[in-house]
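K.L.:
I'll drop the sequence and a predicted model, then ask my questions.
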Amino acid sequence: MHLERSPGSSRLAAAAVALAAVLAQPPCAPGQEPPAKDAAAAGSALGVDLYRQFAAEDGNVFFSPYSVAEGLALLASGAEGRTRQELLSVMHWSLGPDRMPAAFADQDLMLDGAAKGGDVLTVANSLWCQRDLAPRAAFIRTAQQAFRADVRVADFGADLPVSQRMINYWVERKTGGKITGLLTEGSLTPRTQLVLANAIYFKGRWERPFDSRRTAPAPFATARGLTVMAPTMAVTGRFRTKGLDAFELLELPYAGGSLSMAILLPRSRDGLRPIEQRLGAPELSQWLASLDAAGREELEITLPRFKMTYAADLAKALARLGVATAFQAGAADFSPINGRHEFFVSNVLHKAIVDVSEEGTEAAAATGVAMSAAIATPPRKFPVDHPFLFLIRDAQTGSLLFLGRVADPRTP
């Protein structure tokens with residue numbers, strides 16, 4: 001089975017098939033949300049759960065819930081039994097596993113049109129298969145059609161460094177050169193059989209850019225109670241804002257109109273932790289809905305210019321959220337991939353970068369899921385190293401054709 005495809009023609013074909021698959025779905029009833037909303041809700045719920053895990057540690061946090069959810073959705077399409085159920089559960093997915101690929105396909109198609117007015121938003125998936133893997137056609141078809149994945153061949157056994165560099169280069173290219181070295185040394189081994197990779201890249205200009213001439217050092221109170229000086233941008237204009245009990249919400253739209261940054265600012269300088277403790281997917285949805293319904297107000301906004309890179313090993317976080325069997329050799333069930341129960345997830349790596357400046361925002365993220373074959377039980381040794389009896393028989397009739405003994409194999 002030849003898996004490598006021409007990137008340009010394959011993406012066009014996959015997009016066309018994905019569009020056909022989405023259009024083939026029953027039309028939404030009046031008031032019913034499109035499938036993309038289900039995928040977005042799953043990603044948001046997973047994102048909030050992961051944020052609570054990351055936020056338990058000190059320091060900055062930045063990651064892409066979309067990227068992680070996309071990777072897990074593709075992984076779930078290759079899972080069965082308890083393994084699949086745990087993946088669906090961690091994504092808060094209750095609509096049935098068969099509906100997930102179409103929902104994520106619909107989400108990607110809608111995101112294709114989200115960037116306008118000079119904004120750039122690209123999303124991509126890839127599947128890297130060990131040369132002799134022989135994956136099932138149904139799994140490859142789902143990866144290509146629903147997730148528009150580039151399906152490629154690698155050789156983790158014979159050319160591990162080369163395979164790792166190829167995947168890292170694919171991620172780097174799909175993220176505008178921003179995400180480098182996603183797969184770190186040791187994240188893949190010669191037993192790696194499959195790598196799922198997702199990449200997202202965004203570059204957007206503010207609808208109302210900050211005036212760089214007004215940028216100046218200003219005090220910022222850190223989470224540790226220190227006050228530091230940070231380069232701070234300023235802009236004056238009409239922006240959507242909503243005041244709630246413990247914090248205020250602010251929307252900073254990008255030029256395209258559909259995409260925006262939302263800021264949640266506690267009313268007190270040490271008020272973020274209590275808000276994080278209240279944070280859940282329903283609460284976040286309710287807060288953002290109130291911001292969407294709010295009117296615009298004339299504001300003078302000051303915002304620190306910032307840039308950060310964040311990397312996380314998601315295996316432990318996902319395990320704490322309930323994904324157990326996927327990481328256990330012998331217990332994981334990824335039989336839809338190739339018909340056997342030999343795979344388990346060995347690593348889930350995520351890396352993200354964001355740069356917020358006077359002109360706008362540039363952000364990128366990537367998720368890599370590495371799957372390995374379970375190490376077979378070492379064969380019991382059976383040394384024939386002393387005198388033995390042997391025979392030759394016919395299994396069908398039971399006839400004993402020859403019988404003998406070897407006392408010294410050197411004697412003719």
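P.N.:
Arrived safely, thanks for sending. Numbers count the residues shown, from 1 in each chain.
K.L.:
Would you enumerate the residues in contact with Ser187?
P.N.:
Contacts for Ser187 (Cβ atoms under 8 Å, 6 or more residues apart in numbering) come out as Gln164, Asn347, Leu349, Gly368, Ala370. (C-beta placed from N, C-alpha, C; glycine too.)
K.L.:
typed the wrong thing, it's Phe343
P.N.:
Phe343 neighbours (Cβ under 8 Å, 6+ apart): Gln193, Leu194, Ala332, Phe334, Ile337, Met371, Ser372, Ala373, Ala374.
K.L.:
For the residue nearest to Trp93 when sequence neighbours are not counted, list the residues it contacts.
P.N.:
Closest residue in space to Trp93, ignoring its immediate chain neighbours: Ala42 at 5.2 Å, by Cβ to Cβ, 6 or more residues apart in numbering. By Cβ under 8 Å, 6+ apart, Ala42 lies in contact with Ala69, Ala73, Met91, His92, Trp93, Met100, Ala103.
K.L.:
how about a cut-off of 7 Å?
P.N.:
Ala69, Met91, His92, Trp93 (Cβ atoms under 7 Å, 6 or more residues apart in numbering).
K.L.:
Check Lys116 too.
P.N.:
Lys116 touches Gly256, Gly257, Ser258, counting by Cβ under 7 Å, 6+ apart.
K.L.:
repeat that with 6 Å
P.N.:
Gly256 (Cβ atoms under 6 Å, 6 or more residues apart in numbering).
K.L.:
Quick check: which element contains it?
P.N.:
Here Lys116, judged by DSSP states H and E, is contained in no helix and no strand.
K.L.:
Next one: it from Gly204, what distance?
P.N.:
10 Å (Cβ to Cβ, to the nearest Å).
K.L.:
per-domain residue ranges of this protein.
P.N.:
Split into domains by automatic domain parsing, the chain comes to 7-204+307-373, 212-306.
K.L.:
Give me the contacts around stretch 92-101.
P.N.:
Outside stretch 92-101, the residues that reach it (Cβ under 6 Å, 6+ apart) are Ala42, Ala45, Ala73, Ser77, Thr142, Ala146.
K.L.:
Now that we're looking at the first one, what pLDDT does it have?
P.N.:
Put plainly, it is Ala42. pLDDT for Ala42: 92.
K.L.:
Strands along the stretch 251-400 of the chain, start to end?
P.N.:
For the stretch 251-400 of the chain, the strands defined by DSSP state E, counting those that start in this stretch occupy 260-266, 296-304, 306-313, 343-356, 360-373, 388-393, 400-406.
K.L.:
For Val123, which of those is the nearest?
P.N.:
Of all these, strand 360-373 sits nearest to Val123, with 10.1 Å by Cβ to Cβ.
K.L.:
In the protein, which strand is the longest?
P.N.:
Secondary structure of the chain per DSSP state E: the longest strand is strand 227-243.
K.L.:
how far is that strand from where the chain is centred?
P.N.:
When C-alpha coordinates are averaged (Cα atoms, centre = their mean, to the nearest Å), strand 227-243 and its chain have centres 31 Å apart.
K.L.:
quick one: which helix or strand includes the closest residue to Thr192 other than its chain neighbours?
P.N.:
In this structure, Thr192 finds its nearest non-sequential neighbour in Phe156, 4.1 Å apart by Cβ to Cβ, 6+ apart. Under DSSP H and E, no helix or strand contains Phe156.
K.L.:
just to revisit the earlier point, find out how far the helix or strand containing the residue nearest to Trp93 is from the centre of the chain, if you would.
P.N.:
Under the criterion of DSSP H and E, Ala42 resides in helix 35-55. Counting by Cα atoms, centre = their mean, helix 35-55 is centred 11 Å from the centre of its parent chain.
K.L.:
Strand 343-356 and that helix, what's the angle between them?
P.N.:
80 degrees (axes from the mean of the first three to the mean of the last three Cα atoms, to 10 degrees).
K.L.:
So which bits of helix 35-55 are buried?
P.N.:
Within helix 35-55, the residues scored as buried using 16 or more other Cβ atoms under 10 Å are 35-36, 38-51, 53-54.
K.L.:
Repeat that for stretch 84-99.
P.N.:
Arg84, Gln85, Glu86, Leu87, Leu88, Val90, Met91, Trp93, Pro97.
K.L.:
Stretch 52-71 now?
P.N.:
Those would be 53-54, 61-71, for stretch 52-71 by 16+ other Cβ under 10 Å.
K.L.:
Now it - C-alpha only, PDB.
P.N.:
Listed next in PDB are the C-alpha coordinates belonging to stretch 52-71 (Å, rounded to 0.1, in the frame of the first residue of the first chain):
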ATOM      1  CA  ARG A  52      -6.800  23.500  35.100                       C
ATOM      2  CA  GLN A  53      -4.000  20.900  35.000                       C
ATOM      3  CA  PHE A  54      -1.400  23.300  33.700                       C
ATOM      4  CA  ALA A  55      -2.500  26.200  35.800                       C
ATOM      5  CA  ALA A  56      -1.800  24.300  39.000                       C
ATOM      6  CA  GLU A  57       1.900  25.100  38.300                       C
ATOM      7  CA  ASP A  58       3.300  28.600  38.500                       C
ATOM      8  CA  GLY A  59       4.200  30.600  35.500                       C
ATOM      9  CA  ASN A  60       2.700  31.300  32.000                       C
ATOM     10  CA  VAL A  61       0.500  28.800  30.200                       C
ATOM     11  CA  PHE A  62      -0.300  28.700  26.500                       C
ATOM     12  CA  PHE A  63      -1.500  25.900  24.400                       C
ATOM     13  CA  SER A  64      -4.000  25.000  21.600                       C
ATOM     14  CA  PRO A  65      -7.100  23.100  22.700                       C
ATOM     15  CA  TYR A  66      -8.000  22.800  19.100                       C
ATOM     16  CA  SER A  67      -4.700  21.100  18.200                       C
ATOM     17  CA  VAL A  68      -4.900  18.700  21.100                       C
ATOM     18  CA  ALA A  69      -8.600  17.800  20.400                       C
ATOM     19  CA  GLU A  70      -7.900  17.300  16.700                       C
ATOM     20  CA  GLY A  71      -5.100  14.900  17.500                       C
END
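K.L.:
Give the burial count for Gly257, as a bare number.
P.N.:
Counted with other Cβ atoms under 10 Å, the neighbours of Gly257 add up to 12.
K.L.:
And His350, by the same measure?
P.N.:
There are 24 residues near His350, going by other Cβ under 10 Å.
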